[in-house]
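**Q** Got a predicted structure here, sequence first:
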Amino acid sequence: MLPTREKAEELLIEAEKCNPGAWGNHSRVVAYCAEKIAQECSDLDSDKAYIFGLLHDIGRRFGVSHLKHVSDGYSYMLSLGYDEVAKICLTHSFNSQTTDVYVGSFDTTEEELKMIQDTLKIVVMDEYDKLIQLCDSLAGSDGVLDIEERMGDVKNRYGFYPQEKWDNNLKLKKYFEEKMEKNIYNVVEKDTFKRGCEIFSVNSDLL
């Protein structure tokens, strides 16, 4: 089950009131990128992609966190009956399908960590999981970024960035470029969108 676009937007606005921050506009950029890419893929629904992008970080409504935003978002979406979104909340940070290469603090409870790890062992990643993982690595809060610059920024702030995660992000970029037969930055109008979208004005400080 999925919320409508309008409901997803309401959920994000409500969540930002609970925990204001750059993550809200980052989520909007992810949604924008996901929709644009999905429009170029015959097997993807652009509205669905937009909703997934908008709500992938919804767990941040419960406060500033790292890994915990994954379990919080997953549980919150399940509580609302949005199981498809819950899956995206859980998978978007793990393009290797393991917590071993997570960048950030493990600030969950033992039970929450076990839930994430156990679910990752059995979940089947589909095109939408891959799409949001890619868009998460493209999106700042002020617009679309070069994927390697985005990862490099995270590496500078945290002191490391697992090579496996880095390589998988680049593989995802190549995968969708081959799928669309187009350059990813042209599809998401990287330079034009970044300059022209005034609401995205906060510098990114996100994973």
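**A** Cool, got the structure. Keep in mind it's a predicted model, so treat the numbers as computed, not measured.

**Q** Roughly how far does the spatially most central residue of the chain sit from G81?
**A** Ranked by distance to the mean C-alpha position of the chain (Cα atoms, centre = their mean), the top residue is D136 at 3.8 Å. Counting by Cβ to Cβ, to the nearest Å, the gap from D136 to G81 is 24 Å. For every residue, glycine as well, the C-beta is placed using N, CA and C.

**Q** now do L134
**A** Taking Cβ to Cβ, one finds L134 at 27 Å from G81.

**Q** neighbour-wise, which of the two wins?
**A** Set L134 next to G81 and count neighbours by other Cβ atoms under 10 Å: L134 wins out with 26 against 11.

**Q** that older thread, quick check: the residue nearest to the centre of the chain vs M1, distance?
**A** On the measure of Cβ to Cβ, D136 and M1 end up 23 Å apart.

**Q** again with K114
**A** When Cβ to Cβ is applied, the distance between K114 and M1 equals 26 Å.

**Q** so where's this structure shaky on pLDDT?
**A** Per-residue confidence for the chain (pLDDT under 70) gives these ranges: 194-207.

**Q** the helices in it, which residues?
**A** Secondary structure of the chain (DSSP state H): helices at 5-18, 23-39, 46-55, 68-79, 83-91, 110-122, 127-136, 147-158, 163-180, 184-187, 190-196.

**Q** which one of these lies closest to V103?
**A** helix 147-158 (5.5 Å; Cβ to Cβ).

**Q** Pull the distance from that closest one to the chain's centre.
**A** Relative to the centre of its chain, helix 147-158 is centred 15 Å away, using Cα atoms, centre = their mean, to the nearest Å.

**Q** Just want the phi and psi numbers for the closest residue in space to M1 that isn't next to it in sequence.
**A** Nearest residue to M1, sequence neighbours excluded (Cβ to Cβ, 6 or more residues apart in numbering): G81, at 5.2 Å. With angles defined as degrees, to the nearest 10, G81 sits at phi 90, psi 10.

**Q** Help me confirm that G81 comes into contact with P3.
**A** No. Between G81 and P3 there is no contact under Cβ atoms under 8 Å: 9.1 Å.

**Q** and C135, how many neighbours does it have?
**A** 29.

**Q** give me every residue that touches it.
**A** Contacts here follow Cβ atoms under 8 Å, 6 or more residues apart in numbering; on that basis C135 touches 29-30, 33-34, 37, 53.
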